[in-house]
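Engineer: model the following, please.
(chains A and B)
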2 protein chains.
Amino acid sequence: MKIALAQLNYHIGNFEANTAKIIDAVNEAKTQAADLIVFTELCICGYPSRDFLEFREFIGLCEDAAQKVAAACTDIACIIGIPTYNNKPQGKELSNSAYFIENGKVRAVVNKALLPNYDVFDEYRYFEPETEFSCIDFKGHRIALTICEDLWNTFENPLYVVRPMDKLIEEKPDVMINIAASPFSYMHDEERIQILKDNAIRYDLPLFYVNTIGAHTELLFDGGSLVFDKAGNVVDEMPYFEEKIAYYTLNDDSSITPNQPVTLMEKRQSNIEQIYQGIKLGIKDYFTKSGFSKAILGLSGGIDSAVVCALAAEALGPENVMAVLLPSRFSTDHSVKDAQDLVDNLGCKSELIAIKDITQAFETALSPQFSGLPFNIAEENIQARSRAVLLMAMSNKFGYILLNTSNKSEAAVGYGTLYGDMCGGISILGDVYKSQVFELARYINREREIIPENTIVKPPSAELRPDQKDSDSLPDYDVLDKILKEYIEHRCSSTEIIKMGYDETLVRKVLRLVNISEHKRYQTPPILRVSPKAFGMGRRMPLVGKYLS
Amino acid sequence: MKIALAQLNYHIGNFEANTAKIIDAVNEAKTQAADLIVFTELCICGYPSRDFLEFREFIGLCEDAAQKVAAACTDIACIIGIPTYNNKPQGKELSNSAYFIENGKVRAVVNKALLPNYDVFDEYRYFEPETEFSCIDFKGHRIALTICEDLWNTFENPLYVVRPMDKLIEEKPDVMINIAASPFSYMHDEERIQILKDNAIRYDLPLFYVNTIGAHTELLFDGGSLVFDKAGNVVDEMPYFEEKIAYYTLNDDSSITPNQPVTLMEKRQSNIEQIYQGIKLGIKDYFTKSGFSKAILGLSGGIDSAVVCALAAEALGPENVMAVLLPSRFSTDHSVKDAQDLVDNLGCKSELIAIKDITQAFETALSPQFSGLPFNIAEENIQARSRAVLLMAMSNKFGYILLNTSNKSEAAVGYGTLYGDMCGGISILGDVYKSQVFELARYINREREIIPENTIVKPPSAELRPDQKDSDSLPDYDVLDKILKEYIEHRCSSTEIIKMGYDETLVRKVLRLVNISEHKRYQTPPILRVSPKAFGMGRRMPLVGKYLS
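Structural biologist: Here you go, the predicted model:
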């Protein structure tokens, strides 16, 4: 049996484009004499379609699209992912399903049993979990077909009570196929390989795993589809963040012969390489799929906006990136020069708009109210917000999308101005700690100096008051980031973090800053998710509540 | 058996305050010689505690608090709601539990089986559903204790496969108790009574239902706890949006004798009365529970900000409300006069800050870029955003919380400026359609003219360009609101709405406006939820996706 794995990029709700892409792949696989082509979880509509799934019209269009795909499936079988109506009298309206299509007809429907509902996942919001399982016979093989999380119930620490493969194995399948939409994070690839390998070994079966690629607002999908033999050895690892269709022959002895050169990685990509690739695709897909092409951002001369500018130029082309230099009376000359050098290095467009007269107009207007009161955060924020008004005016006038340049460390401790530098259509670095931003800058400069060295080495500053430095109010980023990771990603308490050896006053201060900033993060743009725990849909904290630290 | 129902207002994560309140109620019930006092779902920590539940420290503090409550329970039993660790080897970490406490000890633990995960609910994110059930014997009675949704599985259209009462009834209980945290919407009270009545009749048992009150950011809880006899008659209906402890004697023949005058409503409150009460509590609790007391808002002379100002003055006291008049060159004289009249009627504080020089400074700064281009939405938004910068500067300087004044109709069609009038710490009217805002204004004026008549009768306008009216770009609000309701609340397609008799062009335009505004709503403040389908956590639409209309 010759199997094609289609690792493709879909667009949520774009039935016309998704169907065309699937049918093109079916036709290509036919020319390669494949017996079966396997697409990814919910490929018909894109994943995650979120509350689109609550619209009857949407589910109807999924079925219409599936029928078009079925009509193309002559002389080849295919597996597609699709939401279907739950056929039982109780339970939620939908199932997260796979259609096995043969001879132009849906021959079997497999429903997902294990529905992830943690972190960024909300599948139990829509779908009823399946409780009955059976294999599919095809071309002399018996296929145990499952959907993503169905193989994700770890053997040591099971999150779910049932395990579909424990039922399916009773029917003595000779191959496992798993279709997935498994989002990227920089530590996910190795975990994924391990979990799938464990399944191959435990059930003593070869395993074809096909994952989607592409970005859907904040969620990135990295592909990296995998083929294992029944001993759990990796036969092939498909590329990351790229579309590909690959072919394999499943022999009668359960061994697998790839039909093209395999791309086994000699060593894993570093976290920073993965983050770089992920963000690049995240920006590109955000623009392409929302029908925009041009980005705008405020360029301060600091490292965050420099890295965002370089990433945007790489993803969209420098000609589509407008960098606006917005110096205030507190901006240093070298900041403007560093920003200008970056623009020159990248070849993107730029404008310079001084904000001094604007902030002056605000302060004059407010002088009756503010009379006699010292300059403080109110005036600092006026500067950041004046910049946002200018950037949004440019955006409104010329159709740019504003890129947010805050990093995860700042977003965590609320070191940013709501409706000021926290604005934007999409946050590029909101899941990248400041210490990782430095690594990204070095990675961007790996072949030539794109980001000026001075931008990288100078002490970070918001330049909202004279001689301000981040280190005036925040600990060193190296320490800060480690404490943040323990709190945000590992959900440790202050007591636990202090026990690790961090200074008590510092830990309490940092956790308190994170907690009192929840209201700010609530109103910030979606953040490209690159870590296992990003701000946004994956972290749902109360706004009004008494925090422990 | 004498039963006390404690309908109280908790603060999420405030273990000290919640425990003290519970123990006070226990002590009061002891003086009334109650045998059992029943508190609400997850009262120990507040509902919804959201991702607080993922912190081990938080769960530990819940248990500590429960032990303090237990120590107070001598000569009385009590039922409290608490998250506990799931005691099975598989499944999610936690259960949503009720402790039955007697003689200072936890005598029984009941876990919730039906975990709502639709609309605003995320319970399956945290909790493992229970599959085993048993009754609790106490003082010669056998109690079937369930938690909120456990009784909510409607008999005609079951959302869940199991029904805990179908198991519990086999043990022949003689009374049902249900502890709840069931959020308010203006149509929820009658549905609640009907569903609970159906349970009493079906199982032929008296039913004590106790619900929490209070607001937790966007979610409002209205109380309205209920007591039914076994024929399904309402014995008592506790007040809405008020704390109360009420006492009932459950007689040996299963009849119920209230120990205080009952408050059966002669007629249901109107939707607008309910919304008014809900929003008032929503504002009050938002401020109290976040430790703030003073509100600020921009007062335009229009109806939305007038209604918000009146509601805030009612909830916080007029002395805690600062109304800022921010006329632009397009503001009419009558707008300023209407705003000033309202301030005088309410007795709140006010300031007037003209924005003309500020918008002029922005336009001057942008003149090199905007040269030769016509005045359009870019300049309109500069006005709205300049106002936001001023209001936020006042907020930063003096510690006010900015109230957002957008209504649901505007929020739906994106008729508002992101980072401008869409700013605020909390949105007061974001779940109130414009046509309901008019009703609210009339209701606020029910005894005397608070909101100037002119504010109510003049045609709505954003006053961002000369002679602008909402009706220039939007249909009449009466029609608009009906179309919005079909789309947002009933998830009808354009085809279905057109079939209802609405103009096709209009329907397509409205739905398109809703769809292209998702990115704006993503960044707006939490909205006090008064309807069954509010924007925010209860409606999770893709940002980048191809919409159908």
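
Engineer: look up how far residue A:387 lies from residue A:422.
Structural biologist: Between residue A:422 and residue A:387 the computed distance is 11 Å (Cβ to Cβ, to the nearest Å). Backbone N, C-alpha and C define where each C-beta goes, glycine included.

Engineer: now residue A:516
Structural biologist: From residue A:516 over to residue A:387 (counting by Cβ to Cβ), the distance is 24 Å.

Engineer: and the two? which has more neighbours close in?
Structural biologist: residue A:387 (24 against 14; other Cβ atoms under 10 Å in any protein chain shown).

Engineer: which phi and psi does the more buried one have?
Structural biologist: Residue A:387 adopts backbone torsions of phi -60, psi -40, taken as degrees, to the nearest 10.

Engineer: so how many other residues sit close to the residue lying closest to it once chain neighbours are set aside?
Structural biologist: If the residues on either side of it in the chain are set aside, residue A:387 comes closest to residue A:326, at 4.5 Å by Cβ to Cβ, 6 or more residues apart in numbering or on different chains. The tally of other residues near residue A:326 (other Cβ under 10 Å) stands at 24.

Engineer: you'd agree residue A:137 is in a helix?
Structural biologist: No: per DSSP: H, G, I helix; E, B strand; the rest coil, residue A:137 lies outside any helix segment and is strand.

Engineer: beta-bridge partners for it, please?
Structural biologist: residue A:142 (DSSP bridges).

Engineer: roughly how far apart are it and residue A:178?
Structural biologist: The gap separating residue A:137 from residue A:178 is 18 Å, by Cβ to Cβ.

Engineer: and if you look at residue A:466?
Structural biologist: Residue A:466 sits 59 Å away from residue A:178, going by Cβ to Cβ.

Engineer: which of the two has more neighbours?
Structural biologist: Under the criterion of other Cβ under 10 Å, the comparison of residue A:466 against residue A:178 puts residue A:178 first, with 28 against 9.

Engineer: report the beta-bridge partner residues of the more buried one.
Structural biologist: residue A:146, residue A:209.

Engineer: go ahead and confirm it touches residue A:207.
Structural biologist: Yes: Residue A:178 lies in contact with residue A:207 (Cβ atoms under 8 Å); the separation is 6.7 Å.

Engineer: give me the common contacts of those two.
Structural biologist: Taking Cβ atoms under 8 Å, 6 or more residues apart in numbering or on different chains as the contact rule, residue A:178 and residue A:207 both touch residue A:196.

Engineer: flag every residue of the stretch 151-300 of chain A that's near chain B.
Structural biologist: A:158-161, A:216-217, A:285-286, A:289-290 (Cβ under 8 Å from any Cβ of the partner chain).

Engineer: so which of those residues belong to helices?
Structural biologist: A:285-286, A:289-290 (DSSP state H).

Engineer: which stretches in the stretch 251-400 of chain A count as helices?
Structural biologist: Along the stretch 251-400 of chain A, the stretches classed as helices by DSSP state H, counting those that start in this stretch are A:271-290, A:303-316, A:333-346, A:356-365, A:367-370, A:377-398.

Engineer: the third one and chain B, are they touching?
Structural biologist: No: Helix A:333-346 stays out of contact with chain B when judged by Cβ under 8 Å from any Cβ, the minimum separation being 15.8 Å.

Engineer: restricting to C-alpha, output that helix in PDB.
Structural biologist: Below are the C-alpha coordinates for helix A:333-346, written out as PDB (Å, rounded to 0.1, in the frame of the first residue of the first chain):
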ATOM      1  CA  ASP A 333      20.600  61.000  19.600                       C
ATOM      2  CA  HIS A 334      22.100  57.500  19.400                       C
ATOM      3  CA  SER A 335      18.600  56.000  19.400                       C
ATOM      4  CA  VAL A 336      17.600  57.800  16.300                       C
ATOM      5  CA  LYS A 337      20.900  56.900  14.700                       C
ATOM      6  CA  ASP A 338      20.500  53.200  15.600                       C
ATOM      7  CA  ALA A 339      17.000  53.200  14.200                       C
ATOM      8  CA  GLN A 340      18.100  54.800  11.000                       C
ATOM      9  CA  ASP A 341      21.000  52.400  10.600                       C
ATOM     10  CA  LEU A 342      18.600  49.500  11.000                       C
ATOM     11  CA  VAL A 343      16.300  50.900   8.300                       C
ATOM     12  CA  ASP A 344      19.300  51.300   6.000                       C
ATOM     13  CA  ASN A 345      20.500  47.800   6.700                       C
ATOM     14  CA  LEU A 346      17.100  46.300   6.000                       C
END
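
Engineer: so of the helices of the stretch 251-400 of chain A, which one's packed in deepest?
Structural biologist: Neighbour counts (mean count of other Cβ atoms under 10 Å in any protein chain shown) averaged over each of the helices of the stretch 251-400 of chain A peak at helix A:303-316, with a mean of 26.

Engineer: between helix A:333-346 and that helix, find me the angle.
Structural biologist: Relative orientation of helix A:303-316 with respect to helix A:333-346: 10 degrees, computed using axes from the mean of the first three to the mean of the last three Cα atoms, to 10 degrees.

Engineer: average pLDDT for helix A:303-316?
Structural biologist: Across helix A:303-316, the average pLDDT comes to 98.

Engineer: grab the CA positions of it and hand them over as PDB.
Structural biologist: Output in PDB follows, covering the C-alpha atoms of helix A:303-316 (Å, rounded to 0.1, in the frame of the first residue of the first chain):
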ATOM      1  CA  ILE A 303      16.300  46.000  20.600                       C
ATOM      2  CA  ASP A 304      12.600  44.900  20.600                       C
ATOM      3  CA  SER A 305      11.400  47.100  17.800                       C
ATOM      4  CA  ALA A 306      14.700  46.300  15.900                       C
ATOM      5  CA  VAL A 307      14.100  42.600  16.000                       C
ATOM      6  CA  VAL A 308      10.400  43.000  15.100                       C
ATOM      7  CA  CYS A 309      11.400  45.200  12.100                       C
ATOM      8  CA  ALA A 310      13.900  42.600  10.900                       C
ATOM      9  CA  LEU A 311      11.500  39.700  11.300                       C
ATOM     10  CA  ALA A 312       8.800  41.700   9.500                       C
ATOM     11  CA  ALA A 313      11.100  42.600   6.600                       C
ATOM     12  CA  GLU A 314      12.100  38.900   6.300                       C
ATOM     13  CA  ALA A 315       8.500  37.700   6.400                       C
ATOM     14  CA  LEU A 316       6.800  40.400   4.200                       C
END
